[in-house]
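1. quick one, fold the following:
(chains A and B)
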Amino acid sequence: QKEVEQNSGPLSVPEGAIASLNCTYSDRGSQSFFWYRQYSGKSPELIMSIYSNGDKEDGRFTAQLNKASQYVSLLIRDSQPSDSATYLCAVIQGGSYIPTFGRGTSLIVHP
Amino acid sequence: DAGITQSPRYKITETGRQVTLMCHQTWSHSYMFWYRQDLGHGLRLIYYSAAADITDKGEVPDGYVVSRSKTENFPLTLESATRSQTSVYFCASSESVLGPSGTDTQYFGPGTRLTVL
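-> Numbering: from 1, shown residues only, chains lettered A, B, ... in the order given. Predicted coordinates for the structure are as follows:
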């Protein structure tokens, strides 16, 4: 059973809208959370990491972490067609230093 | 060029053959990882290494062998390929342990698409 869950999508949003991507995890001891972007046929690349409850902003991207509810989200403001990709959530569970990846959510931003 | 490279990029082989996928990084990163990516499963860890001569199993190690005699190289060998090992294989590296006490970035290679007939 996968311990990091993501809706596979696709999530379709119009250009300029906010895209909201969600990820839940099962291990309450998890401490480190990452969002990766993967374009079709390419390798994953890190967008953001977050370690503390609350929001972390980087340009148009905001990661939100709620450890009590065991979810981490990624918000993409002013979505662009170039944001169309699969977004992978990765979680390092307690006692480990190896990330477990979710299956990814496909995002489509249409003009 | 600096970075992390994988070879070959594409490979077709037959059931029962031995195949070795190469991974090379120029940063002298301590940690290296091998993942496979399949539709419906996402990225799954096969093996990882914390340093030269130190390797450990990940989530799906059966049928695979790794070695790491040099820091920069981390080859993955399929000893007797099976059709279920048809996948895209990604190698990754990180400077140190992932997390708030180390680094947050895993750098991924371009991937090797392996087809086992």
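2. return the distance of the strand or helix carrying A:Val72 from the chain's centre.
-> Element membership of A:Val72 [criterion: DSSP states H and E] is strand A:71-76. With Cα atoms, centre = their mean, to the nearest Å as the basis, strand A:71-76 stands 5 Å off its chain's centre.
3. got the CA coordinates for it in CSV?
-> Taking Å, rounded to 0.1, in the frame of the first residue of the first chain, the C-alpha atoms of strand A:71-76 are listed here in CSV:
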residue,chain,number,x,y,z
TYR,A,71,-1.3,16.7,4.2
VAL,A,72,0.9,18.9,2.1
SER,A,73,-0.3,21.0,-0.8
LEU,A,74,1.3,22.9,-3.7
LEU,A,75,-0.4,26.0,-5.0
ILE,A,76,0.5,27.5,-8.3
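4. so it, near chain B or not?
-> No - using Cβ under 8 Å from any Cβ of the partner chain, strand A:71-76 never reaches chain B; the gap is at least 13.7 Å. (Each C-beta comes from the backbone N, C-alpha and C, glycine too.)
5. what packs against that strand?
-> Judged by 3 or more Cβ pairs under 8 Å, 6 or more residues apart in numbering or on different chains; DSSP states H and E, the packing partners of strand A:71-76 are strand A:19-25, strand A:32-38, strand A:45-50, strand A:61-66, strand A:85-92.
6. name the nearest residue to A:Ala17, sequence neighbours excluded.
-> A:Ser79 (5.4 Å; Cβ to Cβ, 6 or more residues apart in numbering or on different chains).
7. how long is stretch B:26-36 end to end?
-> For stretch B:26-36, the first-to-last residue distance is 22 Å (Cα to Cα, to the nearest Å).
8. spatially central residue in chain B, please.
-> When Cα atoms, centre = their mean is applied to chain B, the residue found nearest the centroid is B:Trp34 (2.5 Å).
9. identify the bridge partners of that one.
-> Going by DSSP bridges, B:Trp34 is paired in beta bridges with B:Tyr47, B:Cys91.
10. how far away is the residue nearest to A:Ala17 from A:Gly16?
-> Counting by Cβ to Cβ, to the nearest Å, the gap between A:Ser79 and A:Gly16 amounts to 7 Å.
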